[in-house]
Structure formats: structure tokens, C-alpha cells
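> this is the structure alone, sequence omitted:
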């Protein structure tokens, strides 16, 4: 019955919208004054642009051109997509109109943007280890908590809410750092990973700014900062601002800042004292990791953890392994360091809670420290809609006990694995490039104008309604057989590994015409993905499967829009081409 009503409603709305559009088009043709020059106005081209699937009306035009008449069920599903498209069009129109008049924080004009605190990486990519090359690695870890997290001014990241301040601390939030050098003389590469929901590029670059002299003095080639994307940590991204308060106050602050040439702090979900401490602790940990470097050997292995992974969105494509880089120091007195890479979201406590926890990585670390006497670090992979599968964990446990057991089970699986391990040659190449992602999601444009999300945004028109995010894409080679894509968001795995939905099965019934990252890298190298690294631009979907924000999925609402996938894969391809 609901589907029938949806079909009827969508037909009425489409006919109404089509009638208005046709009337507007006819009126324009009949009433437009004759041009004063000899050049004619191409009404057909204007109409084609207006009704193209890339325009705002594309929300409706696109599903209308792909109605499936093969069965009643298929037709019903098609018409529901039309209904979703009409609603999306209305939302875009309403929010877009608000964005035109809303007092905005100042965006940088795209032509005036200047790059700062960006690491290009290695100019020269070696094809084999340098003479006398040897791995050196240093590790450091520290808590980023201040003790004030329960004072009512610290919000918990992970879901939009009106007033989601922290109410309990279950365990720790930490930063873990590895400094790695292949002994080639081209400089160490630093990886820091923070227990946090997200960290925008300006904050990553703040960390780099505080390390400018240290990095120059020590020839550090690259500093990279990832997050583990816990939906249960103090908000370091800003999205969990008290929304009503932010929407009421920030426009007034934006007006004052503009006309008084001032810089009143906007209301976001970030606590500035917490952020200052995070910057201080992270920069200190990076220095310590560099200073702790010692020589040794590096090994790579993969443990199949399929039974712990739940992929929630088609296509069911995933790196089903927990990948491990194991550093064994030459000194018997030193501890091994294990760097893991896997795609599992940290949402064991749910997305809407107010208890602070580092989620399963915290308990993985405890178990590995105790049972393997090894340092621990985890960097998430391509984890768009990939979550934890708790099937193997007993039911009816005390709160957070399931998270603890899940983390311990993952750690135990790796410790007891008989997966083959290969030595990684002392060869590290890394390079980055900046690129733009257009923000076509009008809701995120509004959040950016209000200062609630804190990415590095530039404007392409005077009104600030055409906004793009400046971000970074990286590529790294480890040894002769491993490649790493360093991606600034939550990547759809098929973009990395192939298997994207085709024209028949994707939401927009359009093809995805790009090679995968794995194909670009080459089959002779195994591809890993370091996700949410150096920025948090949200979900990165294939353009052809970007669906309605009301269709029951949640990725689209916090994605920059329908161009994130294509701009990201093109940036990666250009980066690879710059190396080859």
C-alpha cells in the first residue's frame, strides 16, 4: 500500500514539476526580447543544460529516464526513486536558497588560495633499495585526554544531535605514532593516528606548522595524520556542535566578523582547550617517535578476519584481511611494533552515545601489549559502510564488555595466525598532491557556511554557494610488492579494488568508467588503503551510486556530494602518472 501511494504521489509531483518547467520554458521562448546583436540565443542549449542530469533538476530527470517497466515491482521501485528525486530537488532548492542569503564565514576565493604546510614527499622514486639501505622505525604513544572531558563543554562525535556532550569516560583516547625510514637518505616518513571521529585538513596542517623547524632540522619527508573514526570520542571535527545554538549564533558572528574585521570564534562541536592539548601531545609524540628510531627488519602478513566484518552496502567488496606490518628491531632489548591496517568502523558503542571510548582498537592494544609484548597501531582502510560483526561475541554482556571481547578476539586471531609472512625490502617511496572536491551536497554547504564543519573550503562564486574542499591524496610504496593509497575520507572499497556497481545495478543506472586504484598501481603490487588520512571529507562514493539522502542509507547525508568518487580517482590517477 505504501508503495502504491508513493507511486501516485510521485506521479502527481512529477507532472506538476514538469508542467511548471514547460510553462517556464515556453514563457521564456515567447516573451524573450529579440537580441540586439546578430548572435542568436540558443534556447535549445539552455533547455538542455537546465534539464541535464547534472543540473538540480537531474534529481528528477535521471530517475525518469530509467523507469523500469519489466514488472510491477520494478516499476514501483523506479517510481519511488522518482519520488526521492523530487524530494531531493525540493531540499536542494530550499537549502540552496538559504545558502544564498545566509551570513557565511569567509571562504577563500579559489584563485587566491595558497598552499601552506603541505608535504610533497619524495621527488625521486627509487626502484630498488639504496646501497646499504636498512629500515629504521620509532614508536610513540600518549593519551590526548585532559581530565576535563565531563565538564559539559566536550561533545561526542559520531552523529548529529542537539546537545551531545560527554557523560562518562570508559577508557582512553590516544595518539599513536610511527616514524619510518628506509635508510636512503631521503628522509623519514611519519604516521600519526588519533582516537577521534575526524580531523580536518586545517588541523592537520596546524600540527605540521608546530613541527616546521623540527621537520626541517631532521629532514623529515612527510608528516601524515589519520584518525580511527570512533563514533564515541570527543568531537575534534566540529560536526557535533549544539545545532540550535550554532544556527542561532553563528550567522550573527559571521556578520560581525565580516563588517568589524574581527574573528569571533564560531560555535562548533570542538572544544578549543581539548584541541590545543591534542596539538601539543601529538607534536610531542611525533618528536619522540622520530627520536626513538632504531634499525631492524620489516615483515608483512595478512590474516583473514571475514567473520568479524559486516559489509552493509552493495557492492559487497572489501579487503577482508587484517594486514600487519611487523617491525622487529635489531636490539633484543627493544619491543616489536605492529602496524595494522583494516576496514572495520569503530562503532561498537553506537553512533549516538555520550560515553567516551576508544572502541575495539583500545582493547586490541591492551591484548597485544600483554600477550605479544608489542607496540600497537591501527590505520583504517577503505571502510565506507563496513562495520563490526559481533556474531562470534556472546550476547547479554555488560555494557562495553562486547567491545572489549571483540578487540581481544581480533588481536588473538592475529597472534595465533599461521598466515605466511614476507620480509619487506627497505624501500619507501611517497608522494602527495592537492586536489579539489566540489561540494554539491547543499546541506554540507550550509554547515560549512555556518562553520560547523571545518574543512579547508574555497569558493568559486561571489555568493559562496559554489564551494569546493581542498584536500590531499597520497601514494606510497613499501618494498617491491606493497602500495598504499592515502585517502582523505571514507572510501567506497570498489574504487580501490574494483567491482563497482554497473549501469544496471547502480542507484543512478549509470556506468562507472574508471579503473580501480589496484589496476592503476599494477597487479605486481598489493594495494592497501590508509583511510581518513590528512583530512576527513566524509564518504567517498562512486558517482553512479550516489543515491537520495532519504532513501534509507546514511552515507550520502555526510558526503560532499556526487563528485567525490570521480575527483578522487582522477587525482589518484594523476598522482600515479606523475611518478611513472
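Looks like it came in fine. Since this is a predicted model, take the numbers as computed values, not measurements.
> pull the residues that contact stretch 285-299.
Outside of stretch 285-299, the residues that reach it under the criterion C-beta atoms under 8 Å, 6 or more residues apart in numbering are 134-142, 175-179, 181, 188, 190, 192, 207, 211, 214, 218, 220, 223, 325-331, 334, 421-424, 426, 478-479. Bear in mind the C-beta positions are built from the backbone N, C-alpha and C, glycine included.
> need the contact list for residue 508.
If you count contacts by C-beta under 8 Å, 6+ apart, residue 508 has them with 53, 62, 66, 543-547.
> pLDDT weak spots in this structure?
Under the criterion of pLDDT under 70, the regions of the chain flagged as low confidence span 1-55, 160-162, 552-553.
> how about the residue nearest to the spatial centre of it: what's its closest non-neighbour residue?
When the chain is reduced to its mean C-alpha position, the nearest residue by C-alpha atoms, centre = their mean turns out to be residue 489, at 1.5 Å. Closest residue to residue 489 apart from its sequence neighbours, by C-beta to C-beta, 6 or more residues apart in numbering: residue 537 at 4.0 Å.
> where's the one you found relative to residue 436, distance?
With the distance defined as C-beta to C-beta, to the nearest Å, residue 537 ends up 11 Å from residue 436.
> could you pull out the strands for the stretch 401-550 of the chain?
Along the stretch 401-550 of the chain, the segments classed as strands by DSSP state E, counting those that start in this stretch run 421-424, 428-439, 457-459, 467-478, 482-486, 490-491, 526-530, 539-540.
> give me whichever of the ones you listed is most buried.
Among the strands of the stretch 401-550 of the chain, judged by mean count of other C-beta atoms under 10 Å, the one packed with the most neighbours on average is strand 490-491 (a mean of 28).
> show me what that strand is packed against.
Counting contacts by 3 or more C-beta pairs under 8 Å, 6 or more residues apart in numbering; DSSP states H and E, strand 490-491 is packed against strand 539-540.
> other residues contacting the strand it packs on?
The contact list for strand 539-540 (C-beta under 8 Å, 6+ apart) reads 384, 487, 489-492, 495, 555-556, 558-559, 564-565, 568.
> quick one: buried ones out of the residues you listed?
Those of these that meet the buried threshold are 384, 487, 489-492, 495, 555-556, 558-559, 564-565, 568, by 16 or more other C-beta atoms under 10 Å.
> and of these, the nearest to residue 455?
The shortest approach to residue 455 among the buried ones among the contacts of strand 539-540 belongs to residue 489, at 10.1 Å (C-beta to C-beta).
> ramachandran coordinates for that closest one?
Residue 489 has phi and psi values of phi -170, psi -160 when expressed as degrees, to the nearest 10.
> ok, now which ones touch it?
Applying C-beta under 8 Å, 6+ apart as the definition, the contact partners of residue 489 turn out to be 471, 531-532, 535-540, 564, 568.
> just give me the closest of these to residue 201.
Sorting the contacts of residue 489 by distance to residue 201 puts residue 535 at the head of the list, at 4.2 Å, by C-beta to C-beta.
> could you find the closest non-adjacent residue to the closest one?
residue 488 (3.6 Å).
> and that neighbour, how close does it get to residue 115?
With distances taken as C-beta to C-beta, residue 488 is found 15 Å from residue 115.
> which one of these two is surrounded by more residues?
Looking at residue 488 and residue 115 with other C-beta atoms under 10 Å, you find the greater number of neighbours at residue 488, namely 29 against 10.
> thought residue 495 was touching residue 565?
Yes. In terms of C-beta atoms under 8 Å, residue 495 counts as a neighbour of residue 565; the distance is 5.8 Å.
> which stretches of the stretch 301-450 of the chain form helices?
Read by DSSP state H, counting those that start in this stretch, the stretch 301-450 of the chain holds these helices, from start to end of the chain: 359-372, 401-415, 442-449.
> ok, back up a step: shared neighbours, residue 537 and residue 436?
Counting by C-beta under 8 Å, 6+ apart, the contacts common to residue 537 and residue 436 are 469, 471.
> just to revisit the earlier point, possible to save the helices of the stretch 301-450 of the chain as JSON lines with distance to residue 284 and mean neighbour count?
As requested, those are exported to JSON lines (distance: least, C-beta to C-beta, whole Å; neighbours: other C-beta atoms under 10 Å):
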{"stretch": "helix 359-372", "distance to residue 284": "19", "mean neighbour count": "21"}
{"stretch": "helix 401-415", "distance to residue 284": "26", "mean neighbour count": "20"}
{"stretch": "helix 442-449", "distance to residue 284": "31", "mean neighbour count": "23"}
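> right, and those helices - which one's nearest residue 230?
Put simply, out of those the one that sits nearest residue 230 is helix 359-372, at 4.8 Å, with distance taken as C-beta to C-beta.
> quick one, that closest one and helix 401-415 angle?
Here helix 359-372 points in a direction 50 degrees away from that of helix 401-415 (axes from the mean of the first three to the mean of the last three C-alpha atoms, to 10 degrees).
> pretty sure residue 207 sits in a helix.
Yes. Residue 207 sits within a helix when classified using DSSP: H, G, I helix; E, B strand; the rest coil.
> residues in contact with it?
By C-beta under 8 Å, 6+ apart, the residues touching residue 207 are 192, 223, 225, 279, 282-283, 286.
> grab the two from the residues you listed that are most spread out in space.
Within the contacts of residue 207, 223 and 279 form the most distant pair, 12.8 Å apart (C-beta to C-beta).
> quick one on the thing from earlier: pull out the buried members of the contacts of stretch 285-299.
Neighbour counting over these (16+ other C-beta under 10 Å) leaves 135-142, 175-179, 181, 188, 190, 192, 207, 211, 220, 223, 325-329, 334, 424, 426, 478-479 as the buried ones.
> mind checking what secondary structure the nearest residue to residue 81 once chain neighbours are set aside has?
Spatial nearest neighbour of residue 81, excluding adjacent residues (C-beta to C-beta, 6+ apart): residue 63 at 4.0 Å. Judged by three-state DSSP, the three-state class of residue 63 is helix.
> now do the one 4 residues further on
When the structure is reduced to helix, strand and coil (three-state DSSP), residue 67 reads as coil.
> ok, it touching residue 77?
No. In terms of C-beta under 8 Å, residue 67 does not count as a neighbour of residue 77; the distance is 9.7 Å.
> wait, residue 178 touches residue 191, no?
Yes. Under the criterion of C-beta under 8 Å, residue 178 makes contact with residue 191 at 5.0 Å.
> anything in contact with each of these two?
By C-beta under 8 Å, 6+ apart, residue 178 and residue 191 have these common neighbours: 339, 377.
> hang on, the earlier thing: the residue nearest to residue 489 and residue 437: what is the separation?
Separation of residue 537 from residue 437 (C-beta to C-beta): 6 Å.
> mutual contacts of the two, please.
Residues touching both residue 537 and residue 437 by C-beta under 8 Å, 6+ apart: 469, 471, 560, 564.
> just checking, the first one touches residue 454?
Okay, so that is residue 469. No. Using C-beta under 8 Å, residue 469 is not in contact with residue 454, being 10.8 Å away.
> picking that back up, from the buried ones among the contacts of stretch 285-299, which land in strands?
135-142, 175-179, 181, 190, 192, 223, 325-329, 424, 478 (DSSP state E).
> list the buried ones in stretch 391-403?
In terms of neighbour count (16+ other C-beta under 10 Å), stretch 391-403 has its buried residues at 393, 400, 402-403.
> same question for stretch 95-102.
Of all the residues in stretch 95-102, those buried under the rule 16+ other C-beta under 10 Å are 95, 99, 102.
> can you give me the end-to-end span of stretch 267-275?
Using C-alpha to C-alpha, to the nearest Å, one end of stretch 267-275 lies 14 Å from the other.
> so which of the contacts of residue 207 belong to helices?
In this view, the contacts of residue 207 that belong to helices under DSSP state H are 279, 282-283, 286.
> nearest to residue 129, of the residues you listed?
Proximity of these to residue 129, judged by C-beta to C-beta, is greatest for residue 286, which lies at 25.3 Å.
> what about residue 466, distance to residue 107?
In this structure, residue 466 and residue 107 are separated by 10 Å, where distance is defined by C-beta to C-beta.
> need the overlap of contacts for these two.
Shared contacts of residue 466 and residue 107, defined by C-beta under 8 Å, 6+ apart, are found at residue 459.
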